[in-house]
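what's the 3D shape of this:
(one chain, ligands or ions: 2)
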Amino acid sequence: MIKVGIIGATGYAGAELVRLLLQREDVEIVWYGSRSYVGQDFASVYRNVVHLTDEPCKDDDMATLAEIADVIFTATPQGFCASQVTEEILSKTKIIDLSADFRIKDVNVYEKWYKISHATPQFIPEAVYGLPEINRDKIKNARLIANPGCYPTCSFLSVYPMVKEGLVDPNTLIIDAKSGTSGAGRSAKVDSLYCEVNESMKPYGVATHRHTPEIEEQLSYAAGKPVTISFTPHLVPMNRGILATAYATLTRPVTTEEVKAVYDKYYGNEYFVRVLKPGEVPQTRWVEGSNFADVAFKIDERTNRIVMMGAIDNMVKGAAGQAMQNMNLLFGLPENTGLKQIPVFP
Ligand SMILES: NC(=O)C1=CN([C@@H]2O[C@H](COP(=O)(O)OP(=O)(O)OC[C@H]3O[C@@H](n4cnc5c(N)ncnc54)[C@H](OP(=O)(O)O)[C@@H]3O)[C@@H](O)[C@H]2O)C=CC1
Ligand SMILES: CC(=O)N[C@@H](CCC(=O)OP(=O)(O)O)C(=O)O
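Ligands and ions are numbered 1, 2, ... in the order given. Just a heads-up that it's a prediction; the model follows:
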């Protein structure tokens, strides 16, 4: 039995972890961490698990939790995990952090984009960026995993094969992405109110969104050189889902068959990345509730550009599902254990 603790279980990402982990017979959730609901039954906060757990919420004491948990998920605001983690904790348990605290290797870049100071930069070098399709072997032996951001997961998986093969100029990349409102979390904010979101769409964080340096860093590793991109997220009136549409200039003429073979080379053996047939396009509805990332492309010969597209469920492949995928790797389990849910439709 893997003993799991979740700090931030009462947020959207934490509650999605609970939903996925409670379906497993090899996992016991020993800690439902919260700030606002300490002492209250978790199932009274999230009624989707009524009768499935009668555990009360506990506080966010990572040191105490490290004594009993084999792995701790932190689904907490930026800065929390970094403020808590110690060498002693990491010697006792493993941490999968769903926030951005350990995703970016250059602490100055983190502090500039997140506008907070990093409490424990000494742990940044050892943290592994938890995108299993790229870093599988490193993840298996990690103590501290930086679970990727939702937009970066969708954006990066959509364009990675073309960048890695040098078939596009990565510095021409423009990524236009849309997210459902659950991406903004459960806390009360004017921008998340029904009347603000319903029947409307808007770009936000234009040329300033904090996921930009995360995407750029991962693309730089793939390209073997510094990469700067344009990234614009949009808020759309859906609960879940991210759709990314990326545009880049081709470095040479390519055929559809050639590009399809490139995508299949990288993802043909990946359970969770589904390369669609040429001509098909990804849709958020076809990944909802699942850990799948659907990717597709279309060559635009007229402009010498390629359009690369991807769809994920931000709560699953963009957060809790990917975190559980990482947990499976840490414990030597098949990567898709507990993650074979077929997308929900309608
Ligand atoms: N939503 C998404 O799609 C994704 C989210 N993430 C990341 O996951 C993390 C959680 O996001 P999300 O679930 O959306 O956020 P929510 O606002 O929904 O939840 C935040 C959680 O953290 C707890 N919390 C709030 N403040 C503190 C604090 N100061 N110290 C400790 N715990 C605190 C809350 O407890 P309580 O409610 O009990 O007060 C709650 O459980 C963030 O880092 C986010 O960036 C990553 C990928 C996607
Ligand atoms: C719609 C919305 O607001 N989305 C969030 C991103 C999701 C998130 O929580 O960020 P991480 O993936 O880095 O953890 C945002 O734009 O800040």
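
separation between residue 154 and residue 37?
Distance, residue 154 to residue 37, using CB to CB, to the nearest Å: 31 Å. In short, each C-beta sits where N, CA and C put it, glycine included.

Between those two, which is the more surrounded one?
Neighbour count, other CB atoms under 10 Å: between residue 154 and residue 37, residue 154 has more, with 34 against 18.

what about the more buried one, which SS state?
helix (DSSP: H, G, I helix; E, B strand; the rest coil).

can I assume it is in contact with residue 318?
Yes. With contact defined as CB atoms under 8 Å, residue 154 counts as touching residue 318 (6.7 Å).

Overlap of the contact sets of the two?
242, 312 (CB atoms under 8 Å, 6 or more residues apart in numbering).

how about the helices of the stretch 51-200 of the chain, start to end?
Under the criterion DSSP state H, counting those that start in this stretch, helices of the stretch 51-200 of the chain are mapped to 62-68, 80-84, 87-92, 107-114, 132-140, 150-164, 194-197.

JSON lines for the ones you listed, including mean pLDDT?
Shown next, in JSON lines, are those (pLDDT from 0 to 100):
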{"stretch": "helix 62-68", "mean pLDDT": "97"}
{"stretch": "helix 80-84", "mean pLDDT": "98"}
{"stretch": "helix 87-92", "mean pLDDT": "98"}
{"stretch": "helix 107-114", "mean pLDDT": "98"}
{"stretch": "helix 132-140", "mean pLDDT": "98"}
{"stretch": "helix 150-164", "mean pLDDT": "98"}
{"stretch": "helix 194-197", "mean pLDDT": "96"}
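
Would you mind finding the most buried of these?
Most buried of these, by mean neighbour count (mean count of other CB atoms under 10 Å): helix 150-164, with a mean of 27.

is it up against ligand 2 anywhere?
Yes. Helix 150-164 reaches ligand 2 (CB under 6 Å from any ligand atom) through residue 150.

just checking, what packs against that helix?
helix 132-140, strand 174-179, helix 211-223, strand 230-235, strand 242-249, helix 256-267, strand 293-300, strand 305-312 (3 or more CB pairs under 8 Å, 6 or more residues apart in numbering; DSSP states H and E).

coming back round to it: adding distance to ligand 1 as columns, could you present the helices of the stretch 51-200 of the chain in a markdown table?
A markdown table is the format used below for the helices of the stretch 51-200 of the chain (distance: least, CB to the nearest ligand atom, whole Å):
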| stretch | distance to ligand 1 |
| --- | --- |
| helix 62-68 | 10 |
| helix 80-84 | 5 |
| helix 87-92 | 15 |
| helix 107-114 | 10 |
| helix 132-140 | 15 |
| helix 150-164 | 4 |
| helix 194-197 | 14 |
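
Quick check: which of the ones you listed is nearest to residue 303?
Of all the helices of the stretch 51-200 of the chain, helix 150-164 sits nearest to residue 303, with 15.2 Å by CB to CB.
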